[in-house]
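**Q** pasting the sequence and the predicted model now:
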Amino acid sequence: MTMSSPAAPQARTPTLAVLFVVVFINLVGFGLVVPLLPFFARSLQAEPWQITLLFSAYSLGQFFAEPFWGRLSDRIGRKPVLLITLVANMVGYLLLAFAPNIWAAVLVRLFTGLGAGNISTVQGYIADVTPPERRAGRMGLIGAAFGLGFIVGPGAGGLLAQPQLGHVGYQLPIFVASAVAALAALGVFFFLKESRMKADPATPRPAFLSGLKAAQADQVISRVLMVSLIYLAGFSAMESAFGLWAEHRYAWTAREVGLSFMIVGLVSALNQGIFAGRLARRFGEARVLAIGMLLFGASLVMQTLAPVAWFPGFVLDLGLFRLPISQGWIIPVIMAIGACGMSLAMPNIAAMISRSAPPDRQGTMLGLNMAAGSVARIFGPIVAGLLYSGLGPDWPFLVGAMLTIPAAIMAVNAGRAARRRAAA
């Protein structure tokens, strides 16, 4: 007996609401930590190339974990896999807070990556309970939960961090991240209903990356996977180097970096929740995906061309409170433009894959998509660290911008393949 989706969850909006809240809570924890990683690593006396390894180690673990968790969620259901991965995140954050040196922190990030797998599982859940023609919109709603998590998480992380205390000053945000991961696990346990039936134990278990051959043979999925690989290599290069770049160029601290990522989350949430589904239905998923790639690439170039300082930092007095405005204020504006492009990418990538994959292989194919992203996130930060140290702080952004051009071409080609299939 193969898995099938129960009919009930398809008709119940509250199920999606619960999943939205769970994803939001989980991403608050993730958002708390990621913008602080360069500064946390600096407190451990790390060099730039070691700092970017924190990002690569997580993705290395995720590379092996995502296909496994995706296949397992097809087999035993989405809910158990979500619980396991959330608990692993909770433990991983606690271990990170007490890492005594940079190499211990790298190992902890590797462990946390092995426990990461809820993105493809969440996408599989959405595919289970959503008809094909509405998947882009609902993937966008879940993407909005990611964006909202990145609104609260980075801003809270920047405010909770106390750089003047040294290493200890970065532990409180990490403790909070562990707590919210535990809260998300409780939400899944008590409120989320399973979307799939358990598979027959006699069903043969597919091997690691078992869907790779089928994905390569599919003209749509293979091209979309290449979009993920190329685009996320550029994005991860920017993400891992941004804190170092901002500190070098504008003397920013964790506060400014966290607030900048908060703006990215706000724009992403609005764009995915309101516009992504509508744009996909009007212009097609592939075209919107290609435009998103190019918009993100343009923002990276604009970021490197921004002046070092148009004026000194100042404090804006709004009466009820005083808002400090730092040098480099234009950077969050440029990042917001890039966020518009990024927010068009993931929901349309996931929707195109789920449209092309059979129901019993959607978790597998979405897991392969996350594995492709993990490969990009393994090598993107490593290359970014080498570029930053060898050629200069701007080069991770410039190379990332170059990569968005072939990604956009691949997206257009995937759309053409999908239209040929539909017409056949």
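**A** Received the coordinates, thanks. Keep in mind it's a predicted model, so treat the numbers as computed, not measured.
**Q** please make it C-alpha for all contacts and neighbour counts, starting now.
**A** OK.
**Q** what about the stretch 201-350 of the chain, any weak spots by pLDDT?
**A** 201-210, 308-327 (pLDDT under 70).
**Q** which stretches in the stretch 151-300 of the chain count as helices?
**A** For the stretch 151-300 of the chain, applying DSSP state H, counting those that start in this stretch gives helices covering 171-191, 212-217, 219-250, 254-270, 277-283, 285-305.
**Q** output the ones you listed as CSV; include the columns distance to Gly70.
**A** Formatted as CSV, those follow (distance: least, CA to CA, whole Å):
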stretch, distance to Gly70
helix 171-191, 17
helix 212-217, 13
helix 219-250, 15
helix 254-270, 25
helix 277-283, 24
helix 285-305, 23
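**Q** so which of those helices is nearest Leu54?
**A** Within the helices of the stretch 151-300 of the chain, the stretch nearest Leu54 is helix 219-250; the backing value is 8.6 Å (CA to CA).
**Q** follow-up on the earlier one: turn the helices of the stretch 151-300 of the chain into a markdown table, columns for distance to Ala401 and mean neighbour count.
**A** Putting the helices of the stretch 151-300 of the chain into a markdown table (distance: least, CA to CA, whole Å; neighbours: other CA atoms under 10 Å) gives the following:
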| stretch | distance to Ala401 | mean neighbour count |
| --- | --- | --- |
| helix 171-191 | 31 | 21 |
| helix 212-217 | 26 | 14 |
| helix 219-250 | 7 | 23 |
| helix 254-270 | 17 | 25 |
| helix 277-283 | 23 | 16 |
| helix 285-305 | 4 | 23 |
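**Q** for Ala371, which of the ones you listed is the nearest?
**A** Ala371 sits nearest to helix 219-250 of all the helices of the stretch 151-300 of the chain, at 8.9 Å, using CA to CA.
**Q** which strands and helices sit next to the closest one?
**A** Helices and strands touching helix 219-250, as assessed by 3 or more CA pairs under 8 Å, 6 or more residues apart in numbering; DSSP states H and E, comprise helix 37-42, helix 48-76, helix 212-217, helix 254-270, helix 346-356, helix 362-390, helix 395-423.
**Q** tell me which of the helices of the stretch 151-300 of the chain lies nearest to Arg377.
**A** For Arg377, the closest of the helices of the stretch 151-300 of the chain is helix 219-250, at 5.5 Å, according to CA to CA.
**Q** now the closest one and helix 346-356, what's the angle there?
**A** Counting by axes from the mean of the first three to the mean of the last three CA atoms, to 10 degrees, helix 219-250 lies at 170 degrees to helix 346-356.
**Q** and the angle from the helix or strand harbouring Arg138 to helix 171-191?
**A** Per DSSP states H and E: Arg138 is located in helix 135-160. Here the directions of helix 135-160 and helix 171-191 differ by 140 degrees (the same axes, to 10 degrees).
**Q** rewinding a little: of all the helices and strands packed on helix 219-250, which one comes closest to Arg281?
**A** Closest to Arg281 of the helices and strands packed on helix 219-250, according to CA to CA: helix 346-356, at 10.5 Å.
**Q** hmm, who's touching that closest one?
**A** The contact list for helix 346-356 (CA atoms under 8 Å, 6 or more residues apart in numbering) reads 123, 127, 132, 135-137, 139-140, 143, 220-221, 224, 228, 272, 276, 280, 285-286, 288-289, 362, 365-366.
**Q** go on, stretch 214-228?
**A** The contact list for stretch 214-228 (CA under 8 Å, 6+ apart) reads 349, 352-353, 356, 365, 368-369, 372-373, 406-408, 410-411, 413-415, 417-418.
**Q** repeat for stretch 60-71
**A** Applying CA under 8 Å, 6+ apart, the external contacts of stretch 60-71 come out as 81, 110-118, 120-121, 124, 206, 208-209, 363-368, 370-375, 377-378.
**Q** great, nothing more from me.
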